[in-house]
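Undergrad: got a predicted model here, sequence first, then my questions.
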Amino acid sequence: MNLENLCKQVNILAKEVGAYIKSQKIVVADVETKSKNSLVTFVDKTAEAKLVAQLSELIPEAGFIAEEGTSDKIGEVYNWIIDPLDGTTNFIHGVPCYCISIGLKRNNELVLGVIYEINLDELFYAWEGSKAYLNGKEISVTSTPTLEDSLIATGFPYYEYEKQDEYMNLFKDLMRNSRGLRRLGSAAVDLAYVACGRFDAFYEYSLHPWDVAAGAFIVQQAGGKVCDFKGENDYLFGKEIITCNPHIQQELLAKVKLHFK
Ligand code: IPD
Ligand code: CA
Ligand code: CA
């Protein structure tokens, strides 16, 4: 399989579906609640249906892990991991920061990632063996040597509050020992921004595979590090992710371990 060509086709598809999302206006009655603070609209569902239909043509034997459950097909080797609209709460409230996130897994390894941030028309992508790119230009993570000089993104807990105290203690610690913290409202955009050096690091818990698959892959192709809160590799299904430039990984991990015992 030629992953570079495949990535070009996925890029075109992400932009097409992004144009669809951008063209849609929603009203209060369009907003459904899946579970506490987990919202969805017909736009998320339609975007996912379009992605699944087109990606099925690109690799007919591939399966899907897709947020809105459009397909329950499991691929023996290849599986697409899709968030058709990451940042739904932003989208609903008219806050212009949301994206499409498409990752591809071959057996247990990620081999392709595409994130399209719709409002700024920014396409982030990489495939196995490639560099990482933003709108055709090579990108890389920062080389900031310390947390003190780092700008750090995170996602605030809005369910699974049982770890809220640990989260807040880490947050306070980083607030005093970094250049600042940001919460954009789209984990995939946070990851893309680490990949291109806007953020030095990003961490969050309670994320799903579709939030992180594409971004975790792109960050690594951009020279960054990705791990879970124990410093291990279970960030795709393990619901905990830390990602950053290689220089600050141990410092950040030590702080996470200190507060998340
Ligand atoms: C959410 C966003 C958000 C993160 C949440 C995700 P959604 O995804 O990525 O930044 O904090 O945990 O669920 O629901 O907008 O696709
Ligand atoms: Ca998401
Ligand atoms: Ca979503």
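TA: Thanks, I have the structure now. Ligands and ions are numbered 1, 2, ... in the order given.

Undergrad: please enumerate the strands of the stretch 1-150 of the chain.
TA: Remark: strands assigned in the stretch 1-150 of the chain by DSSP state E, counting those that start in this stretch are 32-35, 38-40, 63-66, 78-86, 99-106, 109-117, 122-127, 132-134, 137-139.

Undergrad: redo those strands as CSV? Include mean neighbour count, distance to residue 14 and mean pLDDT.
TA: Every C-beta, even on glycine, is put in place using the N, C-alpha and C of the backbone. Below are those laid out as CSV (neighbours: other CB atoms under 10 Å; distance: least, CB to CB, whole Å; pLDDT from 0 to 100):
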stretch, mean neighbour count, distance to residue 14, mean pLDDT
strand 32-35, 10, 23, 83
strand 38-40, 16, 19, 80
strand 63-66, 22, 14, 98
strand 78-86, 27, 10, 98
strand 99-106, 28, 5, 98
strand 109-117, 25, 4, 98
strand 122-127, 25, 7, 98
strand 132-134, 22, 13, 98
strand 137-139, 14, 17, 98
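
Undergrad: what residues of the host helix or strand of residue 251 count as buried?
TA: With elements taken from DSSP states H and E, the one containing residue 251 is helix 249-259. For helix 249-259, the neighbour count (16 or more other CB atoms under 10 Å) marks 249, 251, 252, 253, 255, 256, 259 as buried.

Undergrad: any idea what sits nearest the fourth one, other than its immediate chain neighbours?
TA: Once its chain neighbours are removed from consideration, residue 253 has its nearest residue in residue 231; the separation is 5.0 Å (CB to CB, 6 or more residues apart in numbering).

Undergrad: distance of that neighbour from residue 98?
TA: Applying CB to CB, to the nearest Å, the value for residue 231 to residue 98 is 30 Å.

Undergrad: who has more neighbours out of these two?
TA: Per other CB atoms under 10 Å, whichever of residue 231 and residue 98 has more neighbours is residue 98, with 26 against 14.
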